[in-house]
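Student: Please work out how this folds:
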Amino acid sequence: GFDPANMHPFMPYGFASHVEGGGTKGVMAAAAIVFFAFYGFDAVATSAEEAKRPARDLTIGIIGSMAICTLIYILVAVSAVGAMHYTQLANSPEPLALVLRSLGHPVASHLIALAALIALPSVILVMMYGQSRIFFVMSRDGLLPRRLSRVSERTGTPVLVTGLTGLFVAAVAGFFRLDEIAELANAGTLLAFIAVGVCVMVLRRHRPDLVRVFRCPAPYLVGTLAVLGCLYLMFSLPGMTLVRFAGWNAAGFLLYLLYGRRRSLAGRTTPATANS
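Tutor: Below is the predicted model:
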């Protein structure tokens with residue numbers, strides 16, 4: 001059953017991220033990892049053409065789904081900690097299944113484990129699909145070799161870039177632990193969100209005439225809070241993750257300078273286009 005005593009102390013490692021016992025501890029350290037569970041809510045925006053009123057419907061869909069999932073996450077976490085002490089949960093690779101087994105529900109625990117086995121590959125597959133299409137667009141622009149943007153005559157899909165993306169993901173999965181991959185992915189996503197927050201403020205100031213289907217309220221306040229919040233989450237990640245992230249971005253920037261910058265078509269305009 002639920003034991004309220006398991007909730008004390010409520011924050012045994014404190015709020016801020018810090019190194020303790022050879023690991024990164026604290027509420028913010030955990031939040032920087034749990035952030036991984038919030039990927040994909042923006043995917044609702046891909047259904048814009050099917051919505052009757054995109055400005056209203058997609059806003060409700062994205063914010064509503066995020067609010068509901070966050071509430072479910074909180075309720076599940078509270079129930080799990082109430083049923084079993086956090087030190088026992090922390091040492092288990094399958095905490096929810098462990099809780100259900102301890103409560104005498106072996107069938108439910110197996111179903112939870114099975115759901116995880118099914119859900120993780122499906123999420124990874126969707127993310128790999130998106131990444132391959134990003135590489136496809138980059139190669140079509142010239143940032144990557146244009147051979148990667150060739151499509152199959154039979155299927156009409158970019159087979160080469162999809163296969164290379166799969167090989168790259170398999171190599172990363174083979175050489176790094178899942179927690180290290182999640183931390184590095186979180187750092188990249190947080191940087192992307194920081195860029196979005198900055199762009200919202202810059203475009204509102206320099207291009208106020210743009211037609212905006214989705215209009216951000218109080219853009220300077222929301223944008224500033226988004227940037228500061230993402231920075232705080234990013235610097236709550238382990239130090240080695242930030243080192244790897246910096247090295248990865250440096251390699252990408254070097255590739256851009258040496259290869260992509262001279263070949264990219266983005267931003268190139270002819271005089272006639274510029275004057276039109």
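Student: so where's the protein shaky on pLDDT?
Tutor: For the chain, the stretches with pLDDT under 70 are 42-43, 45-50, 267-276.
Student: Swap in 80 and give it another go.
Tutor: Applying pLDDT under 80 to the chain flags residues 1, 21-22, 39-51, 54-55, 119-120, 122-124, 126-127, 130, 213-215, 266-276.
Student: Mind giving me the packing neighbours of the helix ranked longest in it?
Tutor: Assignment by DSSP state H gives helix 106-141 as the longest helix of the chain. With contacts defined as 3 or more CB pairs under 8 Å, 6 or more residues apart in numbering; DSSP states H and E, the packing partners of helix 106-141 are helix 95-102, helix 159-175. Every C-beta, even on glycine, is put in place using the N, C-alpha and C of the backbone.
Student: Tell me how far stretch 59-76 lies from the chain's centre.
Tutor: The chain centre lies 16 Å from the centre of stretch 59-76; the measure is CA atoms, centre = their mean, to the nearest Å.
Student: got the buried residues for it?
Tutor: The neighbour-count check on stretch 59-76 (16 or more other CB atoms under 10 Å) flags 59, 61, 62 as buried.
Student: and which of those is nearest residue 214?
Tutor: Lowest distance from residue 214 to the buried residues of stretch 59-76 (CB to CB) belongs to residue 59, with 6.7 Å.
Student: Please settle this for me: is that closest one part of a strand?
Tutor: No: secondary structure assignment places residue 59 outside any strand; it is helix (DSSP: H, G, I helix; E, B strand; the rest coil).
Student: these two touch, right, it and residue 215?
Tutor: No: with the criterion set as CB atoms under 8 Å, residue 59 and residue 215 do not qualify as a contacting pair; they are 9.8 Å apart.
Student: Need the overlap of contacts for these two.
Tutor: With contacts taken as CB atoms under 8 Å, 6 or more residues apart in numbering, residue 59 and residue 215 have no neighbour in common.
Student: thinking again about what came up before, among the helices and strands packed on helix 106-141, pick out the one with the most neighbours on average.
Tutor: Taking mean count of other CB atoms under 10 Å as the contact definition, the stretch among these with the greatest mean neighbour count is helix 95-102, which reaches a mean of 19.
Student: one step back: need the buried residues of stretch 59-76 in CSV with distance to residue 19, can you?
Tutor: Supplementary listing: the buried residues of stretch 59-76 in CSV, determined by distance: CB to CB, whole Å:
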residue, distance to residue 19
59, 40
61, 40
62, 35
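Student: now, among those residues, which is nearest to residue 24?
Tutor: Minimum distance to residue 24 across the buried residues of stretch 59-76 is 30.2 Å, recorded for residue 62 (CB to CB).
Student: Skip the chain neighbours and tell me the closest residue to the closest one.
Tutor: Excluding the flanking residues, the one nearest residue 62 by CB to CB, 6 or more residues apart in numbering is residue 44, at 4.9 Å.
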